[in-house]
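S.K.: pasting the structure only:
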Ligand code: UDP
Ligand code: MG
């Protein structure tokens, strides 16, 4: 491994029912790959890896055909549709040992393919993770923009830290992927998990384009599902919120009890009213508070059950970290 060459890049592209897009997008990906090769930034062994996510149309047949025609193109297929995040993960894990850097990108051309040049540049300057960030969303409809930006705000408010307006267009070095492999959880939300791994990171800004062809597979319902997945797999803040509400309800309950007492003493009440109000207030407060406490323990158990690495060491003074390319 002493050999120091150019880094091998694998572009990882998830595809689900992308029959119409693939023939248009592939030449663009190839052009970018070959331009990076001719600029002398990446190795000639660099490849494009298509991940078929159990498509119901001819996507896999098209990928097989493309792979047969061009040795720069390869493909893997998932046994069934498992969703975008799992498709990207499958591709990244497949690539991890065979390349030095991966760039994941959607196949629909919405993310600026030419931004890869800048991403590789950032990597060569020392970044291990480079986030592609959308600077503008002019081509998105108002509704998509509103819901998508609300999505990032909601995630951050609920304790899942994500890079604003960064989707799954990013460069990750194989070194980071090796550490990431230790995150063995099943519910994965890459946008929130990759920042957890750490290492030097940087961002590249680009304008978002329109889809080359076909239709989005991320309607509002799927986006809400993704946001819910992101929050619940990264944060236990909702549980803490229950505990917080429990405290507030307990205080209100206490005030209610005092109020019922005063009313009973003043004789403004019918018989039995004060005792019922006291019981209701007391039980309401205590129940929600107890749920909050139990929830805190469940939150801890949940986080423990993920068996995430407790620390990752990136550098040692006696071990100068140098990039030894696989090329
Ligand atoms: N995708 C996938 N599996 C799915 C849904 C989508 O692999 O179940 C892929 C899809 O082919 C595309 C990317 O994920 O490359 C993003 O999907 P899409 O463009 O439909 O989402 P949007 O950009 O509208 O959010
Ligand atoms: Mg898209």
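M.R.: Okay, I see it. Since the model is a prediction, treat every value here as computed from it, not as a measurement. Ligands and ions are numbered 1, 2, ... in the order given.
S.K.: tally of neighbours for the residue nearest to residue 114 when sequence neighbours are not counted?
M.R.: Distances taken as Cβ to Cβ, 6 or more residues apart in numbering put residue 32 closest to residue 114, at 6.1 Å, once the chain neighbours are dropped. Every C-beta, even on glycine, is put in place using the N, C-alpha and C of the backbone. Look at residue 32: counted by other Cβ atoms under 10 Å, it has 21 neighbours.
S.K.: pLDDT value on residue 32, please?
M.R.: With respect to pLDDT, residue 32 scores 94.
S.K.: Might one say that it is in contact with residue 111?
M.R.: No - shown here, residue 32 and residue 111 do not form a contact pair, counting by Cβ atoms under 8 Å, at 11.5 Å.
S.K.: rewinding a little: what's near enough to touch the residue nearest to residue 114?
M.R.: Neighbouring residues of residue 32 by Cβ atoms under 8 Å, 6 or more residues apart in numbering: 113, 114, 116, 117.
S.K.: Among these, which lie within helices?
M.R.: Per DSSP state H, helices hold the following members of the contacts of residue 32: 116, 117.
S.K.: Please, which helix or strand holds the nearest residue to residue 90 once chain neighbours are set aside?
M.R.: Of all residues not flanking residue 90 in the chain, residue 51 sits nearest, at 5.6 Å (Cβ to Cβ, 6+ apart). Residue 51 belongs to strand 47-52 when assigned by DSSP states H and E.
S.K.: May I have the strands that pair with that strand, each with its orientation?
M.R.: Next to strand 47-52 in the sheet, as set by DSSP bridges, lie strand 9-15 (parallel), strand 73-77 (parallel).
S.K.: pLDDT score assigned to the closest residue to residue 105 other than its chain neighbours?
M.R.: Using Cβ to Cβ, 6+ apart and skipping the chain neighbours, the partner closest in space to residue 105 is residue 169 (5.0 Å). As predicted, residue 169 sits at a pLDDT of 94.
S.K.: Doesn't residue 153 lie inside a helix?
M.R.: Yes - assigned with DSSP: H, G, I helix; E, B strand; the rest coil, residue 153 falls within a helix.
S.K.: about what we covered before: select, out of the strands paired with strand 47-52, the one closest to ligand 2.
M.R.: strand 9-15 (10.3 Å; Cβ to the ion).
S.K.: quick one: is the closest one near ligand 1?
M.R.: Yes - applying Cβ under 6 Å from any ligand atom, one finds strand 9-15 touching ligand 1 at 14, 15.
S.K.: quick revisit: give me the distance between the residue nearest to residue 105 and ligand 2.
M.R.: 10 Å (Cβ to the ion, to the nearest Å).
S.K.: Name the helix or strand for that residue, please.
M.R.: strand 166-173.
S.K.: now that strand and strand 9-15, what's the angle there?
M.R.: Relative orientation of strand 166-173 versus strand 9-15 (axes from the mean of the first three to the mean of the last three Cα atoms, to 10 degrees): 150 degrees.
S.K.: For this protein, list the residues in contact with ligand 1, please.
M.R.: Going by Cβ under 6 Å from any ligand atom, the residues of the chain near ligand 1 are 14-16, 18, 53, 81, 83-84, 87, 106-108, 110, 216-218.
S.K.: list the contacts for the residue nearest to residue 194 when sequence neighbours are not counted?
M.R.: In space, and not counting its chain neighbours, residue 194 is closest to residue 129: 6.2 Å by Cβ to Cβ, 6+ apart. Neighbouring residues of residue 129 by Cβ under 8 Å, 6+ apart: 170, 171, 172, 173, 176, 194, 197, 199, 200, 201, 202.
S.K.: if we can go back for a sec, what's the burial count for the residue nearest to residue 105?
M.R.: Residue 169: 24 neighbours (other Cβ under 10 Å).
S.K.: May I ask which helix or strand encompasses the closest residue to residue 261 other than its chain neighbours?
M.R.: Spatial nearest neighbour of residue 261, excluding adjacent residues (Cβ to Cβ, 6+ apart): residue 274 at 6.6 Å. Taking DSSP H and E as the definition, residue 274 sits inside helix 273-305.
S.K.: which helices and strands does the host helix or strand of residue 146 pack with?
M.R.: Using DSSP H and E, residue 146 sits within helix 142-157. Here helix 142-157 touches helix 220-234, going by 3 or more Cβ pairs under 8 Å, 6 or more residues apart in numbering; DSSP states H and E.
S.K.: where does this structure dip in pLDDT?
M.R.: The chain contains residues with pLDDT under 70 at 1-4, 137-139.
S.K.: What residues does it have near ligand 2?
M.R.: Applying Cβ under 5 Å from the ion, one finds that the chain approaches ligand 2 through 106, 108, 110.
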